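Enquirer: 3D model of this:
(one chain, ligands or ions: 2)
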Amino acid sequence: MKRVQDFKLKSYRRLNRENYILTLQGDYLEKDMHPGNFAEIQVPGLPEVFLRRPISILDFDPAKKTISFYIKAIGKGTRQLGRLAEGDTVNIVYPLGNSFSVPRKGKVLIVGGGSGIAPFVLLGRALQQQGVETTFLIGGRTRNDIFLTEEFSRYGTVLVTTEDGSRGEKGLVTGHSLFAGSMNFDRIYTCGPDPMMKAVARLAGQRGIDCEASLENLMACGIGACLCCVTPSPGGNRVVCTEGPVFNTKVLGW
Ligand SMILES: Cc1cc2nc3c(=O)[nH]c(=O)nc-3n(C[C@H](O)[C@H](O)[C@H](O)COP(=O)(O)OP(=O)(O)OC[C@H]3O[C@@H](n4cnc5c(N)ncnc54)[C@H](O)[C@@H]3O)c2cc1C
Ligand code: FES
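Expert: Ligands and ions are numbered 1, 2, ... in the order given. Sure, this is the predicted structure:
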């Protein structure tokens, strides 16, 4: 059930200057959360940032009543969230949006870049629980842009590409040698910059593999009221915050 709730900031895990994991703790934690769900986080202490910011749920712990988020600081809101003090109150609306489908068996590929890696910890765990064989392919500009690989390695094989070749194969994720051969994945999941997701969807389509993409469109209300998050599709505009953020890429016409 969707909740509006105050949490206390429990801890930060700084990954580098611009990337961090924010963990919040509450008196109560909604447990009905699924891979791909997100929260609308209010940004305290900065009146000009009055709209909540949509951030994927990275992980949660029902026993400790904690929920965590991986945040890439790119603007006013995401930088301010990284400047709060432990014990500060943070109000969030959660869980929002739909979720990735989790098959009961098979072999899947997850392709992530930028802040789009965030939903894949919960997805990797859910897939492992179903006995699905998972390969993670994570891309970044340099090795300093690659995060969470230790977490992903608990749930599957991890492959990396960097544009400068400082870690993994050199190039973009879609240039990884994995895509050169015949691929026997049952499904591909992707989240990250739009051009990356569209290229992944194209490669999946050429091979007849089902593909699900989680869109990171700009959002305001997060509950289907303002229509600022819509994305075009052959079947008409889709409201990403309520119909998504996860879509089968065929629905999007990608
Ligand atoms: C469903 C969903 C899940 C998301 N999950 C995560 C996550 O787990 N971790 C994370 O770090 N980020 C995530 N994002 C992106 C995050 O919401 C934005 O980075 C954030 O809202 C930017 O707020 P800001 O105040 O820091 O930037 P602003 O100051 O508002 O903007 C700074 C600049 O970034 C651009 N910008 C803002 N939002 C986006 C966006 N969504 N896509 C592309 N450019 C943008 C603006 O146009 C502007 O140029 C997610 C977005 C969606 C829709
Ligand atoms: S963010 Fe307002 S309708 Fe989606």
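Enquirer: I'd like to know which residues of the protein are adjacent to ligand 1.
Expert: Within the chain, the positions lying close to ligand 1 (Cβ under 6 Å from any ligand atom) are 38, 49, 53-56, 69-72, 74-78, 115, 118, 216-219, 245. The way it works is simple: take the backbone N, C-alpha and C, and place the C-beta from them, glycine included.
Enquirer: In the protein, which residue sits nearest ligand 1?
Expert: Gly75 (2.1 Å; Cβ to the nearest ligand atom).
Enquirer: Now for that residue, how many residues are close by?
Expert: Using other Cβ atoms under 10 Å, the number of residues around Gly75 comes to 10.
Enquirer: Same check on Gln80?
Expert: Neighbours of Gln80 (other Cβ under 10 Å): 17.
Enquirer: residues in contact with it?
Expert: By Cβ atoms under 8 Å, 6 or more residues apart in numbering, Gln80 lies in contact with Val43, Pro44, Gly45, Leu46, Val49.
Enquirer: As PDB, could you dump the C-alpha coordinates of the host helix or strand of it?
Expert: Secondary structure from DSSP states H and E places Gln80 in helix 76-81. Taking C-alpha atoms only, helix 76-81 is exported to PDB below (Å, rounded to 0.1, in the frame of the first residue of the first chain):
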ATOM      1  CA  LYS A  76      20.000  20.700  -6.500                       C
ATOM      2  CA  GLY A  77      17.800  18.000  -5.000                       C
ATOM      3  CA  THR A  78      20.100  15.100  -5.200                       C
ATOM      4  CA  ARG A  79      23.000  17.200  -3.900                       C
ATOM      5  CA  GLN A  80      21.000  18.500  -0.900                       C
ATOM      6  CA  LEU A  81      19.900  15.000   0.000                       C
END
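Enquirer: contacts for the strand or helix carrying Leu24?
Expert: Using DSSP H and E, Leu24 maps to strand 19-25. For strand 19-25, the surrounding residues in contact (Cβ under 8 Å, 6+ apart) are 7-15, 58, 64-73, 81-82, 90, 92, 147.
Enquirer: go again using 6 Å as the cut-off
Expert: Identification of contacts with strand 19-25 by Cβ atoms under 6 Å, 6 or more residues apart in numbering yields 7-14, 65-72, 82, 90, 147.
Enquirer: List the contacts of the residue lying closest to Gly36 once chain neighbours are set aside.
Expert: Leaving aside its sequence neighbours, Gly36 sits nearest to Ser99 (Cβ to Cβ, 6 or more residues apart in numbering; 3.9 Å). Neighbouring residues of Ser99 by Cβ under 6 Å, 6+ apart: His34, Pro35, Gly36, Asn37.
Enquirer: distance of Ser99 from ligand 2?
Expert: Distance, Ser99 to ligand 2, by Cβ to the nearest ligand atom, to the nearest Å: 17 Å.
Enquirer: follow-up on the earlier one: most neighbours of all the contacts of Ser99, which one?
Expert: Gly36 (27 neighbours).
Enquirer: can you pull the contacts of that one?
Expert: By Cβ under 6 Å, 6+ apart, Gly36 lies in contact with Ser99, Phe100, Pro119, Ser214, Val246.
Enquirer: For the third one, give me its contacts.
Expert: I take that to be Pro119. Contacts here follow Cβ under 6 Å, 6+ apart; on that basis Pro119 touches Pro35, Gly36, Ser56, Cys191, Ser214.
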